[in-house]
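[1] Need a 3D model of the sequence below.
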Amino acid sequence: MNKFDRFRSFCRPFRIVLGLVLIATGFLLDNPWFYLGVIPLAAGLADFCPVCIISKKCTPKTK
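    As a prediction, the model looks like this:
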């Protein structure tokens, strides 16, 4: 397992949690910025990693 595989395995749950935290914070504070949390949440749920695509060094996940 290379360092990019480890980064990818950490990145997905982090994006999901970050998205949920941003959405919850926006709802609790009545702030319309909670929509910003939808982006990392959707990327995490779709298993889309922008860093891996930009760096082109992460190995694609085989299904």
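
[2] All the helices of this protein, in order from the start?
    3-28, 38-45, 50-55 (DSSP state H).

[3] weakest of the ones you listed in terms of mean pLDDT?
    Mean pLDDT values for those show the minimum at helix 50-55, a mean of 74.

[4] list the helices and strands that one packs on?
    Counting contacts by 3 or more C-beta pairs under 8 Å, 6 or more residues apart in numbering; DSSP states H and E, helix 50-55 is packed against helix 3-28. All C-beta atoms are positioned from the backbone trio N, CA, C, and that covers glycine.

[5] check contacts around the residue positioned nearest the centre of the chain.
    Geometric centre of the chain, nearest residue: Arg15, 2.6 Å, by C-alpha atoms, centre = their mean. Listed by C-beta atoms under 8 Å, 6 or more residues apart in numbering, the contact partners of Arg15 are 40-41, 43-44.

[6] and the closest residue to it other than its chain neighbours, how many neighbours?
    Computed as C-beta to C-beta, 6 or more residues apart in numbering, the closest residue to Arg15 that is not its neighbour in sequence is Gly44, at 3.5 Å. Look at Gly44: counted by other C-beta atoms under 10 Å, it has 20 neighbours.

[7] Against Ile16, how distant is the most far-flung residue of the chain relative to its centre?
    The centre of the chain is farthest from one residue, Asp30, which by C-alpha atoms, centre = their mean lies 23.3 Å away. Computed with C-beta to C-beta, to the nearest Å, the distance linking Asp30 and Ile16 is 24 Å.

[8] what does Ile23 give?
    11 Å.

[9] okay, and the common contacts of those two?
    Taking C-beta under 8 Å, 6+ apart as the criterion, Ile23 and Ile16 both touch Leu41.

[10] send the alpha carbons of stretch 7-23 over as CSV?
    The C-alpha trace of stretch 7-23 is given here as CSV (Å, rounded to 0.1, in the frame of the first residue of the first chain):
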residue,chain,number,x,y,z
PHE,A,7,-4.4,9.0,1.8
ARG,A,8,-7.4,7.8,-0.3
SER,A,9,-8.6,5.5,2.5
PHE,A,10,-8.5,8.4,5.0
CYS,A,11,-9.9,11.0,2.6
ARG,A,12,-13.3,9.5,1.9
PRO,A,13,-14.6,9.2,5.5
PHE,A,14,-13.1,12.6,6.3
ARG,A,15,-15.0,14.2,3.4
ILE,A,16,-18.3,12.5,4.6
VAL,A,17,-17.8,13.7,8.2
LEU,A,18,-16.8,17.2,7.1
GLY,A,19,-19.8,17.5,4.9
LEU,A,20,-22.2,16.4,7.7
VAL,A,21,-20.5,18.7,10.2
LEU,A,22,-20.8,21.7,7.8
ILE,A,23,-24.5,20.9,7.1
